[in-house]
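>>> All I have is the shape, not the residue letters:
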């Protein structure tokens, strides 16, 4: 069976599952890269994936583009991601061949997103191409994607859970918990310092925790536009003794640092489509405390079992106008963890187990192959949770 993925760029969000599919299909897999992109689309990853044997760069020449088009016509299964894949997707669906569309949520700002040129083109292609009558299914890289499409009358009964799948190393959960510092609980935040990442929330949390006498430290990783404002806020709140600004680190070093922390604070608002840092932190044994509007939160977190979710900040809020309800919710969840260390240890163990058994590249790739086989045979997968279960 030949499987082909069409996506903007091969980066660390895509390569892990791609590697597994290459092996599981006995090298009958191809990843078609649609653009020569740098910067943000590499998601902070500096690794060069150009040596992957399954990579076809459609942007390199007219010849490689035509090869990609021929694959769209002849492959057993194709997965399309983004507006750049539309020419290939249209060609394939004219032939009525088994396909998947893969995306994060469309309506981050509500129905106004339909006026986005890219989304509007995809919306029109679905309806004008009669795609609801074709063997086309949706892989949802956000817990909110299926509902967004239902509102638009799209992919009804054809949405499956998907996401981004980071590498999951073997970690001895008992040994990790035994090494934890009982005198002071280490918290970590890691993101670009952008408005919609809400770096003000962990700093305001630190001020409340310090005022209430909790023993903790907070390490903040990353850089960006709002880092100077964050440093000024830390000084004005008087928390520079418990908050450390670490800056950027290579991914391997960051993952090693995550393993030395107990709680990961994920404070983005609904603009966070997925957030692969959620996977990484859970796999490293942190309790993920994540805003409930982040795309990965409802998939990854069973509240109180594999993590904790709190009320997301409104998109209009930032340093000069923090969201008090979001802050109250965040503080409530973190204080509960600090007050209940045994429960925190249980959640850390459960989160490690979930990542090792369910949300990892190997399991995702195996389940996708099972889903494809079941769709071809018109049978049920039996998956009730995790990748390729019904969204």
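Thanks, I have the structure now. Since the structure is predicted, the reported quantities are computational estimates derived from the model, not experimental observations.

>>> neighbours of the residue nearest to residue 137 when sequence neighbours are not counted, just the number please.
Leaving out its chain neighbours, the residue that sits closest to residue 137 by CB to CB, 6 or more residues apart in numbering is residue 158, at 4.6 Å. All C-beta spots, glycine's among them, are computed from the backbone N, C-alpha and C. By other CB atoms under 10 Å, the residues close to residue 158 number 18.

>>> Surely residue 158 is in contact with residue 135?
No - using CB atoms under 8 Å as the test, residue 158 is too far from residue 135 to be in contact (9.3 Å).

>>> So which bits of stretch 323-343 are buried?
323, 326, 327, 329, 330, 331, 333, 334, 337, 338 (16 or more other CB atoms under 10 Å).

>>> quick one: what helix or strand has the third one in it?
Spelled out, it's residue 327. According to DSSP states H and E, residue 327 maps onto helix 324-339.

>>> With residue 364 instead?
helix 361-377.

>>> Now do that helix, average pLDDT.
What helix 361-377 shows for mean pLDDT is 98.

>>> What of stretch 288-298?
Average pLDDT, stretch 288-298: 98.

>>> contact partners of the helix holding residue 364?
Contacts of helix 361-377 with the rest of the structure, by CB atoms under 8 Å, 6 or more residues apart in numbering, involve 1, 3, 16-17, 19-21, 24-25, 77, 98, 135, 137, 160, 162-163, 165-168, 357, 380-381, 383, 386-388.

>>> From these, which land in strands?
Among the contacts of helix 361-377, the members falling in strands (DSSP state E) are 3, 77, 137, 160.

>>> Is residue 79 within a helix or a strand, and which one?
In this assignment (DSSP H and E), residue 79 forms part of strand 77-80.

>>> Now do that strand: distance to the chain's middle.
20 Å (CA atoms, centre = their mean, to the nearest Å).

>>> From the contact counts, what lies against that strand?
Other elements packing on strand 77-80 under the criterion 3 or more CB pairs under 8 Å, 6 or more residues apart in numbering; DSSP states H and E are strand 3-7, helix 86-94, strand 99-103.

>>> Can you tell me how far the residue nearest to residue 137 is from residue 136?
Remark: distance between residue 158 and residue 136 (CB to CB, to the nearest Å) = 7 Å.

>>> Also residue 386?
From residue 386 across to residue 136, the span is 22 Å (CB to CB).

>>> Those two - which one has more neighbours?
Of the pair residue 386 and residue 136, residue 136 is the one with more neighbours under other CB under 10 Å, namely 23 against 17.

>>> Just the pLDDT at that one, thanks.
We have a pLDDT of 98 for residue 136.

>>> and the spatially closest residue to it that is not a sequence neighbour, what are its bridge partners?
In space, and not counting its chain neighbours, residue 136 is closest to residue 99: 5.0 Å by CB to CB, 6+ apart. For residue 99, the beta-bridge partners are residue 78, residue 136 (DSSP bridges).

>>> Is it correct that residue 99 is in contact with residue 78?
Yes - with contact defined as CB under 8 Å, residue 99 reaches residue 78; the gap is 5.0 Å.

>>> Between those two, which contacts overlap?
In contact with both residue 99 and residue 78: 89, 92, using CB under 8 Å, 6+ apart.

>>> out of those two, which sits in the more crowded spot?
Taking other CB under 10 Å, residue 99 and residue 78 do not tie; residue 78 has more neighbours (28 against 23).

>>> Please work out how many residues are found near residue 220.
Residue 220: 24 neighbours (other CB under 10 Å).

>>> bridging residues for it?
residue 189, residue 245.

>>> Tell me how many other residues crowd residue 121.
For residue 121, the neighbour count with other CB under 10 Å is 12.

>>> so it touches residue 83, yeah?
Yes - when contacts are counted by CB under 8 Å, residue 121 is listed as touching residue 83 (5.5 Å).

>>> What residues does the closest residue to residue 58 other than its chain neighbours make contact with?
With CB to CB, 6+ apart as the criterion, residue 58 has its nearest non-adjacent residue at 4.1 Å, and that residue is residue 68. Residue 68 makes contact with 6, 32, 56, 58, 88, according to CB under 8 Å, 6+ apart.

>>> hang on, residue 68 is in a helix, isn't it?
Yes - looking at residue 68 with DSSP: H, G, I helix; E, B strand; the rest coil, it is inside a helix.

>>> Just confirm residue 389 contacts residue 381, I think it does.
Yes - using CB under 8 Å, residue 389 is in contact with residue 381, at 7.4 Å.
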